[in-house]
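**Student:** model this:
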Amino acid sequence: MKLEEIQLDKAVIFNPKINIKKNIKYKRITMEMLKEHYKFINQFEYDYFNGGSKFEQNDTLLAKITPCLENGKTAYVDFLRENEVAFGSTEFITIRNNNKTDRDYIYYLFTSDLIRKKAIKCLEGTSGRKRINEYALKKQIILLPELDTQKKISQFLSLLDKKISINNELNRITIKFLKNCFIKTFITFQNENSNLTYNDKLNLEIPNDWEAKTLDNIVEIKTEIIDPKEEEGRIFKLLSI
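**Tutor:** Purely as a prediction, here's the structure:
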């Protein structure tokens, strides 16, 4: 694989110029909306533009303030329409590919230790409020593969990220379904087959074949003092089997 030694600001565009009008509502992304070590942006709000980072579809957002940078708040913009503009926190750096780089590869590049460690070294300022010195970051030297190789790498990693995103959504829907089932069955008792009777203790209607009891009537509560050393020895024996 052929690698080119290149200065970072020759491989990407930092904070590209984007026309955006003040006092008009646009989609807005706050720092809190970015998940740590997660590619996609799943929420946004509408607000009037009065300043902040500006970005378009397929740009990468890099948190430039501590601890968000160290915690992995970097995201790929994929929720905008063609030619749509949005804005976000002043603590984002907007990064865009140029003719030397693939747009998806840029996201993975800036989430890699290769760039993250360089960015952390470029932090300056008071403790707890350090920010990236963008000039210093732009001058960092990286090894860049050929464009075709970048695309192969980013296509493979993008498939994995999409799979993760789909699994997360399925988990969210499943959890919501289970919660609704639990509430319907055990709290509101919205069961067509249930004949309800008012219970004075609970002050609500419950199925006829249910009883109201205190917790100590249905479980046995034990209090036991555990010796940490003894417990550690027990765990060690189990692991040794």
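**Student:** quick check: longest helix of this structure.
**Tutor:** Longest helix in the chain by number of residues (criterion: DSSP state H): helix 147-182.
**Student:** what comes up buried for it?
**Tutor:** Across helix 147-182, burial judged by 16 or more other C-beta atoms under 10 Å covers Q150, K151, I153, S154, L157, S158, D161. Glycine gets a C-beta too; all of them are placed from N, C-alpha and C.
**Student:** try stretch 63-83
**Tutor:** Neighbour-count burial for stretch 63-83 [16+ other C-beta under 10 Å]: 63-66, 68-69, 72-77, 80.
**Student:** Max pairwise distance over those: which two?
**Tutor:** Distances among the buried residues of stretch 63-83 were taken as C-beta to C-beta; the most separated pair is T66 and L80, at 28.0 Å.
**Student:** Would you check how far apart N71 and C122 are?
**Tutor:** 17 Å (C-beta to C-beta, to the nearest Å).
**Student:** you'd agree K10 is up against K100?
**Tutor:** Yes - using C-beta atoms under 8 Å, K10 is in contact with K100, at 7.3 Å.
**Student:** ok, back up a step: for the longest helix of the chain, name the packing helices and strands.
**Tutor:** Applying 3 or more C-beta pairs under 8 Å, 6 or more residues apart in numbering; DSSP states H and E, one finds that helix 147-182 contacts helix 103-111.
**Student:** Next, the residues that contact the helix it packs on from outside, please.
**Tutor:** 12, 37, 39, 58, 60, 62, 72, 74-76, 95-97, 101, 115-116, 119, 142, 150-151, 153-155, 157-158 (C-beta atoms under 8 Å, 6 or more residues apart in numbering).
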